[in-house]
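1. compute the structure for the input listed below.
(chains A and B)
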Number of protein chains: 2
Amino acid sequence: MPARDTAPTAAAPTQLGRARAGDARALARLISLVENQSPQVRSVIRDLLPHAGGARIIGLTGAPGVGKSTVTGALVGAFRAAGRRVAVLAIDPTSPFTGGALLGDRIRMQDHATDDQVFIRSMASRGHLGGLATAAPQAIRVLDAAGFELIIIETVGVGQDEVEVASYADSVAVLLAPGLGDSVQAAKAGVLEIADLFVVNKADKPDAQQVVRDIRTMLALAERARGDWKPPVIATVATNGPNDKGIAELVTRLEAHWSWLSSSGRLERRRRARAREEITALAVASLRARLDTRCADELADRVAAGALDPFQAADELLARQTG
Amino acid sequence: MPARDTAPTAAAPTQLGRARAGDARALARLISLVENQSPQVRSVIRDLLPHAGGARIIGLTGAPGVGKSTVTGALVGAFRAAGRRVAVLAIDPTSPFTGGALLGDRIRMQDHATDDQVFIRSMASRGHLGGLATAAPQAIRVLDAAGFELIIIETVGVGQDEVEVASYADSVAVLLAPGLGDSVQAAKAGVLEIADLFVVNKADKPDAQQVVRDIRTMLALAERARGDWKPPVIATVATNGPNDKGIAELVTRLEAHWSWLSSSGRLERRRRARAREEITALAVASLRARLDTRCADELADRVAAGALDPFQAADELLARQTG
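-> This next block holds a predicted model:
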């Protein structure tokens, strides 16, 4: 069967083959295709589909300053010590304007920069053509097909986008730390209900025990039923050095969650829900692309002038939908 | 002309009339209609359109713990002292699970709870049928039509949703504070490029001057051109008491930004861009509602099993689009 788009389709399996063999540059190029929503993405994803599905995906989320990168670095260290290949996808709300900002965090993970069994990549959450909702699952699929056993998705945990990304994971760990506003503020983050595990980092600081107690009280009040899984609360001191505390327990609890997911049938359910999200996001992006932008501009002028109500404007925009 | 939906259309002007006359309960009911995306929203918005457009909208955003509610409270106090009617719309990422969390913050604003020239309302950013992108501009329009001269939109500033909401405002103030992670973290928030003003709150704390310097350096590096407006950096200590510092300067700078917006033609451009966002969001929400959910479930099963690629699945979903 002749390929419709010969060049990319021919190139992609080679890239994938090289990425699967451990070529970090080939892997980075595949992720860039996804990030830029290149036209080749479709064929790349099709080609790697048979190789995907084996990875275990861990989401790590929390407000700025709780120490996400340090905990991620410590987790990578623990998984590497157990001989496993690990990929980190750091979802960064960084925009073109603040493009340099993510460097600081990545530097904290440079212990692993020379380990070819570790792949670390930042992905901006803004300025995407298709939006993060379409790009993130594709990037995860690329890492999965490239043969990483563990994929850690690190996100900043305040806001809808980040909560959505965290929900792509099999296990979601929510990080908190003392001294970052009161517990009420932490609860406002809106990430509590997606947590499979709570990590109270910087547990050597004053008030850390108070944060642990507050989470427990909140969980008790909410009487959450997630099947028979009760989110554990783990205190850690992540330094990426020999004085790390609680990381071994975190790994143990993650393993326990994974066993529970697999044996309870929840893993399948989560992955089905994730696929549904992805399909819907792709469909909506495609519908959105069909809207006539010049027409939207004209209608916006009339709405801004108070001459047209926004609902009528939306109706008109849909009526003139192209494609 | 007979009304299509008699009851709601007949009731709405009365509610609006009462809200315009200062009836807080009528106003609250109108906002609830919007928040719940009730079927009456269309007619409510149509009826209030002629009364909207006069309000000045101030966005206040920042990470958890920087003191947004306290600064908002202090601003409300300053505007009230100048005899102006003020509404506050606090966009809260609170979910049903953490529903109680917003109380803590609202309590900090209770100084104004008995002032009938001040209206304070929280709005959840999650669990909306139409999404925040459609509900927030409608809520703003309701407050605008109800005759508030100033509307303060307070959002948690990490994540795409919050950035979007802040962009509904005429002037956006980004709040930072010392001691909440380093400046790199602050930059990661992705809100810097939308800032018309920077407020460094808790300026009495150590390192506050460092935060001020960091922002200035970042602004200089970025060489931002926003017409001839250069975002000022204002140091504040907000306590909602007689020892407030910097709030008067914040008000002065906000006035200056408003004058600049009005005289430079930027105000019109922003409001047009805002209307465009709103129309597109409404159109996309309506397209999304036409997708066949049962079909999406079936397709998700096949994608999760690796039997179908997500792009083909999205195509199939669109092909079976209803309506």
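
2. what about A:Ala173, helix or strand, and which?
-> Using DSSP states H and E, A:Ala173 sits within strand A:171-176.

3. and that strand, which strands flank it?
-> Take DSSP bridges as the rule and strand A:171-176 pairs in its sheet with strand A:56-62 (parallel), strand A:197-200 (parallel).

4. ranges for the helices of the stretch 51-200 of chain A?
-> Shown for the stretch 51-200 of chain A, the helices assigned by DSSP state H, counting those that start in this stretch span residues A:68-81, A:102-108, A:132-145, A:160-166, A:183-188.

5. do the first one and chain B meet?
-> No: looking at helix A:68-81 against chain B by CB under 8 Å from any CB of the partner chain, there are no contacts, and the closest approach is 9.7 Å. Using the backbone N, CA and C atoms, a C-beta is placed for each residue, glycine as well.

6. next, the angle from that helix to strand A:56-62.
-> Here helix A:68-81 runs at an angle of 150 degrees relative to strand A:56-62 (axes from the mean of the first three to the mean of the last three CA atoms, to 10 degrees).

7. what comes into contact with helix A:68-81?
-> Defining contact as CB atoms under 8 Å, 6 or more residues apart in numbering or on different chains, one finds that helix A:68-81 is touched by A:58, A:60-62, A:86, A:88, A:90, A:105-106, A:108-109, A:111-112, A:115, A:117-118, A:150, A:152, A:154, A:156, A:175, A:199, A:201, A:236, A:238-240, A:244, A:247-248, A:250-251.

8. buried subset of these?
-> By neighbour count, with 16 or more other CB atoms under 10 Å in any protein chain shown, the contacts of helix A:68-81 hold A:58, A:60-62, A:86, A:88, A:90, A:105-106, A:109, A:112, A:117-118, A:150, A:152, A:154, A:156, A:175, A:199, A:201, A:236, A:238, A:240, A:244, A:247, A:250-251 as buried.

9. what segments of the stretch 201-323 of chain A are strands?
-> Taking DSSP state E, counting those that start in this stretch to define them, one finds strands in the stretch 201-323 of chain A at A:233-235.

10. which positions in it make contact with chain B?
-> So the stretch 201-323 of chain A meets chain B at A:218, A:222, A:224, A:268, A:271-276, A:278-280, A:282-284, A:286-288, A:291, A:296-297, A:299-301, A:303-304, A:306, A:309-311, A:313-314, A:317-318 (CB under 8 Å from any CB).

11. the residues you listed in helices, which ones?
-> The helices, defined by DSSP state H, take in A:218, A:222, A:268, A:271-276, A:278-280, A:282-284, A:286-288, A:296-297, A:299-301, A:303-304, A:310-311, A:313-314, A:317-318 from these.

12. thought A:Ala275 was touching B:Val303?
-> Yes: counting by CB atoms under 8 Å, A:Ala275 touches B:Val303, with 3.9 Å between them.

13. shared neighbours of the two, which are they?
-> Joint contacts of A:Ala275 and B:Val303 (CB under 8 Å, 6+ apart) are B:310, B:313.

14. pLDDT score for A:Thr6?
-> A:Thr6 is assigned 42 on the pLDDT scale.

15. rounded mean pLDDT for stretch A:291-304, please.
-> Across stretch A:291-304, pLDDT averages out at 92.

16. quick one: buried residues of it?
-> Within stretch A:291-304, the residues scored as buried using 16+ other CB under 10 Å are A:291-292, A:295-296, A:298-304.

17. other residues contacting it?
-> A:308-310, A:313, A:316-318, A:320-322, B:268, B:271-276, B:278-280, B:283-284.

18. quick one, phi/psi of A:Ala305?
-> With angles defined as degrees, to the nearest 10, A:Ala305 sits at phi -80, psi 0.

19. so how do I select the buried members of the ones in helices among the residues of the stretch 201-323 of chain A next to chain B in ChimeraX?
-> The ChimeraX selection below is limited to those of those classed as buried (16+ other CB under 10 Å):
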select /A:218,271,272,274,275,276,278,279,280,282,283,284,286,287,288,296,299,300,301,303,304,310,311,313,314,317,318
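
20. domain parsing for chain A?
-> A:1-50, A:52-265, A:290-319 (automatic domain parsing).

21. tell me which of the ones you listed is the most buried.
-> Comparing the domains of chain A by mean neighbour count (mean count of other CB atoms under 10 Å in any protein chain shown), domain A:52-265 comes out on top with a mean of 20.

22. okay, how far is it across that domain, tip to tip?
-> Chord length of domain A:52-265, first to last residue, is 19 Å (CA to CA, to the nearest Å).

23. off-centre distance for that domain?
-> Relative to the chain's own centre, domain A:52-265 is displaced by 9 Å; criterion: CA atoms, centre = their mean, to the nearest Å.

24. equivalent analysis for stretch A:288-304, please.
-> So, by CA atoms, centre = their mean, the centroid of stretch A:288-304 is 32 Å from its chain's centroid.

25. using PDB, list the CA coordinates for that stretch.
-> Only the C-alpha atoms of stretch A:288-304 are listed here, as PDB (Å, rounded to 0.1, in the frame of the first residue of the first chain):
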ATOM      1  CA  ARG A 288     -12.700  24.900  16.700                       C
ATOM      2  CA  ALA A 289     -10.300  25.100  13.800                       C
ATOM      3  CA  ARG A 290     -13.300  25.100  11.400                       C
ATOM      4  CA  LEU A 291     -14.700  28.400  12.900                       C
ATOM      5  CA  ASP A 292     -14.300  31.400  10.600                       C
ATOM      6  CA  THR A 293     -11.900  33.700  12.400                       C
ATOM      7  CA  ARG A 294     -12.700  36.800  10.200                       C
ATOM      8  CA  CYS A 295     -16.400  36.300  11.000                       C
ATOM      9  CA  ALA A 296     -15.500  36.000  14.700                       C
ATOM     10  CA  ASP A 297     -13.700  39.400  14.500                       C
ATOM     11  CA  GLU A 298     -16.700  41.100  12.900                       C
ATOM     12  CA  LEU A 299     -19.100  39.600  15.500                       C
ATOM     13  CA  ALA A 300     -16.800  40.600  18.300                       C
ATOM     14  CA  ASP A 301     -17.000  44.200  17.200                       C
ATOM     15  CA  ARG A 302     -20.800  44.200  17.400                       C
ATOM     16  CA  VAL A 303     -20.800  42.400  20.800                       C
ATOM     17  CA  ALA A 304     -18.200  44.800  22.300                       C
END
